[in-house]
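Asks: give the three-dimensional model of this entry:
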Amino acid sequence: KRPTHIEPKFRRFLMDDLVDDGLEDDLIELINNDNRIRDITMRLDSLLHNRCVDAKTVLQWFEKEKLQPLEEAEAESISQGGAVSKSLEEYRLFHSGLRLVDPLRNHIRKKNGLTFGDQITLFYERLSSDKAYLQKVCEDYDHVLVDEFQDNNLAQGEIVKLMSEHLKSTCVVGDPNQAIFRFRGANVRNLEDFLEAFENTSNLTRIDLDTCYRHSQNIIDLSDALIDQSNSSINRPKVTTGWVNDDSTNVRVCEFIDEASEAVEHAKWVIRQNLLGYEYDEMVILARSLNYVEIMLNHFDELKIPYVTTSSGTLFRDDLSVQAGMLLRACIDPVGNVQAVQYLLNSGFMGVLKEDAAILHHRFRRTPQRLFDSIISIEGDIANREALARLHHFIEQHSIKQHENLNDWMFRVFKDSGFITDMINNGPNSQLSHLISILSQELVNAGNFFNDPRRFGFYLSQLMEGKIELEIPQVTKPGHIVVSTIHKAKGLE
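Replies: This next block holds a predicted model:
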């Protein structure tokens, strides 16, 4: 069976399932009580993949060279009641993260899944340890061309070098000054390493590309000024534009006194470009983080400038979509997702009256975990008990059944609640249609990999709160500006 590709974001939610696989007690306690361990484990997992080293080797080195010396240095102070230093606390967390890397990888592989890092690392390990396999792979190829070589990680660079020894030719194209993926493990020394590995051979040819056909000269000059401030050790040629006319790209570098001023100027620029004939979906705004553009997007809302962002919160920008998300969360676990149940009551779902919802909220504000079970048994002056009973019955009847396919469950919920009818009436480009399409894709991975389907409720809450970043093709919408982080910009192609 072909393995399923696991998106990096899913690793965070699979950490809970590791507890069911049997871990040491201290690791279980960390997973349950300290969210930092999830981020640390994920970052270490990616780092070890990128550096093509195994977790066990690094763990042994870290214990001997880093953790044990610090533990011994602070042992006496701690035994006398002294506080653990911040450095030792961090080292202990890193140590626990290293201990969790292999269990996380094994859990994913046991369920027939592979991350992008797995695909590269496993291939590299096989190539480097099995010469017959390396020869067999290379028999199918005479030449290999690698573009954007500076954006490959160390493991990918080693794969290219291993294969190059068995091919007629290997060509790598890259520019260390264009390395924009260092944050995800790109090895900016790949070009230098490649040159060093083959500089003593007689058949190494270096060709400098000194004509740029993509940009005007003013863009090149601006780039050169920034590159001159870097520490690249590769000599580069003087680059000139290949444009045959005198056209130049309009570049504005702006400084603002605060984010509010920046938001106003961005909005003016966008509206002006639209008046000049540019469609909104021909524009894009790239930021280091979506947090940087929050004020600007609020201003866009005020001016009714249409936009979508790669934040998962963009899927829930109308009342119907929010209600759909809350309904799924309530059906997954009405006690654990009491906020979702409260939302459905307040929104009048199944005909619930606002005054009845207010009574329930007031009665159980200190014991919210009892809210759902009390919907049909609450005493007092309730105006429409039938509506409350319908809501309670619907949620009970639409919980996830044992061995039920999650996609089948979602469409059962939406069909019986009338959301599918709403989706058809609103058309294929509606917010609700888009949401259901995205959720359908996410449920496939969730169904394959979550031990307990109720954990999808937590994932769904993270989606609704905008804590997960989607890909640009997932959010692109006709007539809307795309607002994305820089590292998702590849999706603009």
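Asks: and the gap between the residue lying closest to A197 once chain neighbours are set aside and C52?
Replies: Using Cβ to Cβ, 6 or more residues apart in numbering and skipping the chain neighbours, the partner closest in space to A197 is K161 (5.7 Å). Every residue, glycine included, has its C-beta placed from N, CA and C. From K161 over to C52 the distance is 12 Å, taken as Cβ to Cβ, to the nearest Å.
Asks: same drill for those two, tell me which one is more crowded.
Replies: Ranked by neighbour count (other Cβ atoms under 10 Å), K161 and C52 place C52 first, with 19 against 15.
Asks: quick one: secondary structure of the more buried one?
Replies: Secondary structure state of C52, per DSSP: H, G, I helix; E, B strand; the rest coil, is coil.
Asks: would you map the strands across the stretch 201-350 of the chain?
Replies: Remark: strands assigned in the stretch 201-350 of the chain by DSSP state E, counting those that start in this stretch are 211-212, 240-241, 284-287, 307-309.
Asks: just the ones you listed: most buried one?
Replies: strand 307-309 (a mean of 24; mean count of other Cβ atoms under 10 Å).
Asks: residues in contact with it?
Replies: 280, 285, 290, 293, 297, 300, 314, 475-477, 480-484 (Cβ atoms under 8 Å, 6 or more residues apart in numbering).
Asks: what pairs with that strand, parallel or antiparallel?
Replies: For strand 307-309, the paired strands and their directions (DSSP bridges) are strand 481-485 (parallel).
Asks: for the strand it pairs with, what is the distance to the chain centroid?
Replies: In terms of Cα atoms, centre = their mean, to the nearest Å, the centre of strand 481-485 is found 15 Å from the chain centre.
Asks: extract the CA atoms of that strand and return them as CSV.
Replies: The C-alpha trace of strand 481-485 is given here as CSV (Å, rounded to 0.1, in the frame of the first residue of the first chain):
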residue,chain,number,x,y,z
ILE,A,481,-6.0,39.6,-2.7
VAL,A,482,-3.8,36.8,-1.3
VAL,A,483,-2.2,37.7,2.1
SER,A,484,0.5,35.1,3.0
THR,A,485,3.7,34.6,4.9
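Asks: can you pull the buried residues of it?
Replies: Buried residues in strand 481-485, counted by 16 or more other Cβ atoms under 10 Å: I481, V482, V483, S484, T485.
Asks: and the longest helix for this protein?
Replies: helix 86-110 (DSSP state H).
Asks: quick one: mean pLDDT for that one?
Replies: Across helix 86-110, pLDDT averages out at 93.
Asks: buried residues in it?
Replies: Here helix 86-110 shows 88, 91-101, 103-105, 107-108 as buried, counting by 16+ other Cβ under 10 Å.
Asks: roughly how far out does the next helix or strand after it sit from the chain middle?
Replies: Using DSSP states H and E, the helix or strand that follows helix 86-110 in sequence is strand 113-114. What separates the centre of strand 113-114 from the centre of its chain is 16 Å, taken as Cα atoms, centre = their mean.
Asks: on that earlier part again, which other helices and strands contact the longest helix of the chain?
Replies: In terms of contacts (3 or more Cβ pairs under 8 Å, 6 or more residues apart in numbering; DSSP states H and E), helix 86-110 is packed against helix 10-21, helix 25-33, helix 36-50, helix 55-62, helix 68-79, helix 116-129.
Asks: one more pass at 7 Å, please.
Replies: Judged by 3 or more Cβ pairs under 7 Å, 6 or more residues apart in numbering; DSSP states H and E, the packing partners of helix 86-110 are helix 10-21, helix 25-33, helix 36-50, helix 55-62, helix 68-79.
Asks: so P428, which state does it fall into?
Replies: coil.
Asks: separation between the closest residue in space to P8 that isn't next to it in sequence and L127?
Replies: Nearest non-adjacent residue to P8, counting by Cβ to Cβ, 6+ apart: T115, 6.6 Å away. Counting by Cβ to Cβ, the gap from T115 to L127 is 19 Å.
Asks: ok, those two, which is more surrounded?
Replies: Using other Cβ under 10 Å as the criterion, T115 and L127 rank with T115 on top: 22 against 17.
Asks: run through the residues that contact that one.
Replies: For T115, the contact set (Cβ atoms under 7 Å, 6 or more residues apart in numbering) comprises I6, P8, I108.
Asks: residue contacts, the first one?
Replies: Which is I6. I108, G113, L114, T115, N445, F449.
Asks: once you drop chain neighbours, what's closest to it?
Replies: Closest to I6 by Cβ to Cβ, 6+ apart is G113, at 4.5 Å.
Asks: could you do the last one as well?
Replies: Distances taken as Cβ to Cβ, 6+ apart place I6 nearest to I108, at 5.7 Å, with adjacent residues excluded.
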